[in-house]
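Engineer: Using only what follows, build the 3D model:
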Amino acid sequence: MTDSAKREDLLTELDDLVATSDTGARKPHGLTGKLLLSVAAFWSLFQLWIASPLPYMVGFGVFNSTEARSIHLALAVFLGFMAFPALRRSPRDRVPLSDWIMALAGAFCAAYIYLFYAALAGRPGNPTTLDVAVAIVGLLLLLEATRRALGPPLMIVALVFIVYSLAGPWMPGMLAHRGVSLTSLANHQWLSTQGVFGIALGVSTSFVFLFVLFGSLLDKAGAGNYFIKLAFSLLGHYRGGPAKAAVAASGMTGLISGSSIANTVTTGTFTIPMMKRVGYTAEQSGAVEVSASVNGQIMPPVMGAAAFLMVEYVGISYTEVIKHAFLPAMISYIALFYIVHLAALKAGMQGLQSSNPDRPMLRKVLGFLTGLLLIMGLSVAVYYGLGWLKPLLGDYAAWVIAAGLAATYLALVRIGARYPDLELDDPNSPVVSMPQTRPTLMTGLHYILPVIVLVWCLMVERLSPGLSAFWATVFMIAIIITQHPLIALFRKEQDVATKVRQGFSDLWEGLVAGARNMIGIGIATATAGIIVGAVSQTGVGLVLADLVEVLSMGNLMLMLMLTAVLSLILGMGLPTTANYIVVSALLAPVIVTLGQQNGLIVPLIAVHLFVFYFGIMADVTPPVGLASFAAAAISRGDPIRTGFQAFYYSLRTAALPFLFIFNTDLLLIDVSFVYGVVIFVIATIAMLIFAAATQGWMITRSRRYESLLLLLVAFTLFRPGFWMDLLHDPYRSIPPAEITQALDRMDEDSNLRMQISGVDDIGNPTTFYLLVPIPNGLTGEEKLENLGLTLMQEGDRTLVDMVSFGSLASQLGFDFDQEILEVMAPVDRYRKEWMWIPALLIFALVAWLQWRRRPATPATTA
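Structural biologist: Next comes the predicted model:
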């Protein structure tokens, strides 16, 4: 068999792998195949319609959120049964009659809320026999669609929670609850917005679909290939260059991709053979691609759609979510880049042949910096220029900005038309020369414009995520239709009509691909809603908190490690979106509750990022790491060894959640811009040192004690407060009876820590901590009043007598008849950042020791 035939077989195998896990492996012929494609395209157009302002302008086709969720799930379930075969031996080229029946029945059950919305609204909480029957059949068909589209794990987890809801009285020990009836279960899970049609499906309907569609259209337009070629043109000729290019390409692809597996396959088919060529083993090559691809899910602005779920679950703005998630994602990618560089150093690798070897390094660096400064300057000019134009032009501002955007697009396409189109080279060919950077960069600059529109609408205009994605997608549609005809016109080619047809063909394929990519996500969010509904209906979240507390024996670190392991287990085999919904619904409240009880007061966004990070690590970790299996299929390496190697490379990603739980500065919470820059620089240095310690190599091979010292340095840079707390207690204890006097002495930017004794949601005694910000006020009494808290003394006890409705005290968790056990006020001490100095001195010592024994003839290639 020839190399090209082997490559075609591999690509077919990978397409089947992605189809099986993401888009559906069935490709029926004839009328059925056309119907499948038409329904998928209709789904995309429906989502664009409900996201646009057009329904409200024309007064037609306006759907409320519940109706939209119902139609969304109906289309997802229908396509799920049509696109995903029941069994491996099931036919791929036709749809059996049984699947037609289940597809139509599942779509009807999902659309039941839309079809009979008025009747159901007239009998809330009082379902008829038909309502219950439809709900039960709908749940069973949803579970079957989940098994087909996502495999058994999520279906089994959802089924366990359904059984747990019904069998509560027969559960052992702390797992027992009063149980729910079948009618109550059906009503809660299917006929209300507490279960299947809850927040998760709502986010999938409103936001996620449009971002997946946007990514599909961007990829269909050629942006995926552009990102890969650009990364190789910039980095391929450096030492271990293909691995560095894989990291950069996967990071850029991760911006538009919602799937770790699809990201791995898209970039890996090109990058993995290249990595093997320069000296990486099959397992190393696959592991680098997996680590980079999975990291794409933590990279803002999309984060595998989890960013939009966090907006709903955490209750903060999208901009805040992006701000908090940005720094850990960036330093994680920088560290992975450094890890592959260290691996290349250890193995003495070289880069690939450069297309412009005569260009000195200084010129490359200066050219890059110049381009970066120009982009930054242009960004500032656009931001402030538009800020000045909008009030000046008033209602005409949108039209002027649109005209300017169109002119910019035309100019960039004209520039790109001067250079040849990008073709994806065969990485298995005997000779591979890296493309030149300038022509590669210029060819696809117009692909950046829709991303800029998306970020502008989200971050500057502060539009909703759905509306922002709509406008970015509309612009992307304009690009995908017009780019080929415009390039043909600028090149004075004759086949413009053919190019027009190609543009509409690409649009059709993008609409279909976007919908097929959403089948699994739509079904997953609905099924995850079953778990969320069971948690709210049975109170199992409190049971899980008690279970984790018992197993961890009250130890905070053990509790976090146990939660991380549970997140890994629950995340096995699930797509990113469903993964986050499940682990956040079950485990985020556990960390908050047990942390408060043990003195660890953590912002909710930190907790959600913690479980999210470990949930996506399941795509790496054997034995179910799906991305590792996809990479191993390309590298022809062992998938289990690839998974373990990828987990080894991903240790930095596993360490970050523990660090930002204890040091929320890493999430840029309540820090100034200048201090945020300092934190970014120090955290990046710390992560590079951590990478060097875990890889056993910095300037040269590290000795064991040097690796331990580097780990100590990295920990100190990440969490300097740990050592400062040992040297000087950050708080002093104040008798609860003296709260008023303490408030009188404290500034408004300070906080008090209070230990409270009360009862939990189900009436059990509990003790927990609260971090109380100091409110406005001239005196202690006024500050206490503004806090919304009225206290009373009963002997030596200080009790909460009254909490004002809607006050800060009410929001913090104060309640009537709680007892304040202890009050701790912050003390003046040296800043924790002073601990960075001894840490950097130790690092300098290790660097000096390694410099002394470095190889006599250092390599000259970067």
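
Engineer: hey, where'd the strands end up in the protein?
Structural biologist: Along the chain, the stretches classed as strands by DSSP state E are 731-734, 751-759, 765-773, 789-794, 797-803, 819-826.

Engineer: mind putting these in TSV, distance to residue 709 included?
Structural biologist: C-beta here means a position set from N, CA and C on the backbone, and glycine is covered the same way. Shown next, in TSV, are the strands of the chain (distance: least, Cβ to Cβ, whole Å):
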stretch	distance to residue 709
strand 731-734	31
strand 751-759	34
strand 765-773	34
strand 789-794	48
strand 797-803	48
strand 819-826	32
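
Engineer: Any idea which of the ones you listed gets closest to residue 36?
Structural biologist: Checking the strands of the chain against residue 36 by Cβ to Cβ gives strand 765-773 as the closest, at 53.4 Å.

Engineer: picking that back up, which stretch among the strands of the chain comes nearest residue 588?
Structural biologist: Closest to residue 588 of the strands of the chain, according to Cβ to Cβ: strand 765-773, at 16.2 Å.

Engineer: and the longest helix for the protein?
Structural biologist: As assigned by DSSP state H, the longest helix anywhere in the chain is helix 496-538.

Engineer: Show me what the mean pLDDT comes to for it.
Structural biologist: Helix 496-538 shows a mean pLDDT of 88.

Engineer: How far off centre is it?
Structural biologist: 17 Å (Cα atoms, centre = their mean, to the nearest Å).

Engineer: The residue nearest the centre of the chain and residue 609: what is the separation?
Structural biologist: Central residue of the chain (Cα atoms, centre = their mean): residue 303, 2.6 Å from the mean position. Distance, residue 303 to residue 609, by Cβ to Cβ, to the nearest Å: 10 Å.

Engineer: just residue 234 next, same as before
Structural biologist: From residue 234 across to residue 609, the span is 30 Å (Cβ to Cβ).

Engineer: Neighbour count for the two, which is higher?
Structural biologist: The neighbour comparison of residue 234 against residue 609 (other Cβ atoms under 10 Å) goes to residue 609, with 30 against 21.

Engineer: need the contact list for the more buried one.
Structural biologist: 310, 324, 325, 328, 657, 660, 667 (Cβ atoms under 8 Å, 6 or more residues apart in numbering).

Engineer: okay if I get those as a markdown table plus distance to residue 243?
Structural biologist: Shown next, in a markdown table, are the contacts of residue 609 (distance: Cβ to Cβ, whole Å):
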| residue | distance to residue 243 |
| --- | --- |
| 310 | 31 |
| 324 | 29 |
| 325 | 25 |
| 328 | 22 |
| 657 | 25 |
| 660 | 27 |
| 667 | 29 |
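
Engineer: Can you list which of those residues are found in helices?
Structural biologist: Reading helices off the contacts of residue 609 with DSSP H, I get 310, 324, 325, 328, 657, 660.

Engineer: now, among those residues, which is nearest to residue 673?
Structural biologist: Residue 673 lies nearest to residue 324 out of the ones in helices among the contacts of residue 609, by Cβ to Cβ, at 14.7 Å.

Engineer: hang on, isn't residue 120 packed against residue 130?
Structural biologist: No - if you go by Cβ atoms under 8 Å, residue 120 and residue 130 don't touch, sitting 10.8 Å apart.

Engineer: So these two - more neighbours on which side?
Structural biologist: residue 120 (20 against 10).

Engineer: What distance do you get for the more buried one to residue 134?
Structural biologist: Distance from residue 120 to residue 134, counting by Cβ to Cβ: 10 Å.

Engineer: Please pull out the lowest mean pLDDT helix or strand from this structure.
Structural biologist: Lowest mean confidence among the helices and strands of the chain (mean pLDDT, DSSP states H and E): helix 3-18, at a mean of 55.

Engineer: before we move on, the earlier item: export the ones in helices among the contacts of residue 609 as a markdown table, with columns for neighbour count.
Structural biologist: Listed next are the ones in helices among the contacts of residue 609 as a markdown table, based on neighbours: other Cβ atoms under 10 Å:
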| residue | neighbour count |
| --- | --- |
| 310 | 26 |
| 324 | 24 |
| 325 | 25 |
| 328 | 24 |
| 657 | 23 |
| 660 | 27 |
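
Engineer: coming back round to it: next, show the common contact partners of residue 303 and residue 609.
Structural biologist: residue 325.

Engineer: Show the residue spans covered by the helices in the stretch 551-700 of the chain.
Structural biologist: For the stretch 551-700 of the chain, the helices defined by DSSP state H, counting those that start in this stretch occupy 556-570, 576-597, 604-616, 626-635, 639-649, 651-662, 673-695.

Engineer: ok, which stretches of the stretch 151-300 of the chain are helices?
Structural biologist: Ranges of helices in the stretch 151-300 of the chain, per DSSP H, counting those that start in this stretch, are 152-166, 182-190, 199-203, 209-221, 223-235, 241-254, 260-278, 282-295.

Engineer: Indicate which one of these is closest to residue 746.
Structural biologist: Closest to residue 746 of the helices of the stretch 151-300 of the chain, according to Cβ to Cβ: helix 199-203, at 38.2 Å.

Engineer: Could you export that closest one as PDB, CA atoms only?
Structural biologist: Coordinates of the C-alpha atoms in helix 199-203 are reproduced here as PDB (Å, rounded to 0.1, in the frame of the first residue of the first chain):
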ATOM      1  CA  ILE A 199     -30.500  26.400  32.500                       C
ATOM      2  CA  ALA A 200     -28.100  24.100  30.800                       C
ATOM      3  CA  LEU A 201     -30.300  23.500  27.800                       C
ATOM      4  CA  GLY A 202     -31.200  27.200  27.800                       C
ATOM      5  CA  VAL A 203     -27.500  28.200  27.500                       C
END
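
Engineer: residues contacting the residue lying closest to residue 515 once chain neighbours are set aside?
Structural biologist: Nearest non-adjacent residue to residue 515, counting by Cβ to Cβ, 6 or more residues apart in numbering: residue 40, 3.7 Å away. Applying Cβ under 8 Å, 6+ apart to residue 40 gives the contacts 79, 511, 512, 515, 516.

Engineer: can you list the weak-confidence ranges in the stretch 201-350 of the chain?
Structural biologist: Regions of the stretch 201-350 of the chain meeting the criterion pLDDT under 70 cover residues 254-259, 301-302, 304-305, 350.

Engineer: so what's the closest residue to residue 767 other than its chain neighbours bridging to?
Structural biologist: Residue nearest to residue 767 in three dimensions, not counting chain neighbours: residue 757, with 5.2 Å by Cβ to Cβ, 6+ apart. Bridge pairing for residue 757 (DSSP bridges) gives the partners residue 767, residue 819.

Engineer: what residues does stretch 839-856 touch?
Structural biologist: Taking Cβ under 8 Å, 6+ apart as the rule, stretch 839-856 contacts 689, 698-700, 702, 706, 709-710, 712-713, 716-717, 720.

Engineer: Of those residues, which is the most crowded?
Structural biologist: residue 689 (28 neighbours).

Engineer: Who are the contact partners of it?
Structural biologist: Listed by Cβ under 8 Å, 6+ apart, the contact partners of residue 689 are 710, 713, 714, 717, 843.

Engineer: switch to 7 Å and redo it
Structural biologist: Applying Cβ atoms under 7 Å, 6 or more residues apart in numbering, we find residue 689 in contact with 710, 713, 714, 843.

Engineer: do residue 272 as well
Structural biologist: Contacts of residue 272 by Cβ under 7 Å, 6+ apart are 285, 286, 289, 631, 634, 635.

Engineer: Equivalent analysis for residue 27, please.
Structural biologist: Applying Cβ under 7 Å, 6+ apart, the residues near residue 27 are 33, 92, 93.

Engineer: got the end-to-end distance for stretch 448-467?
Structural biologist: Distance between the two ends of stretch 448-467: 19 Å, counting by Cα to Cα, to the nearest Å.
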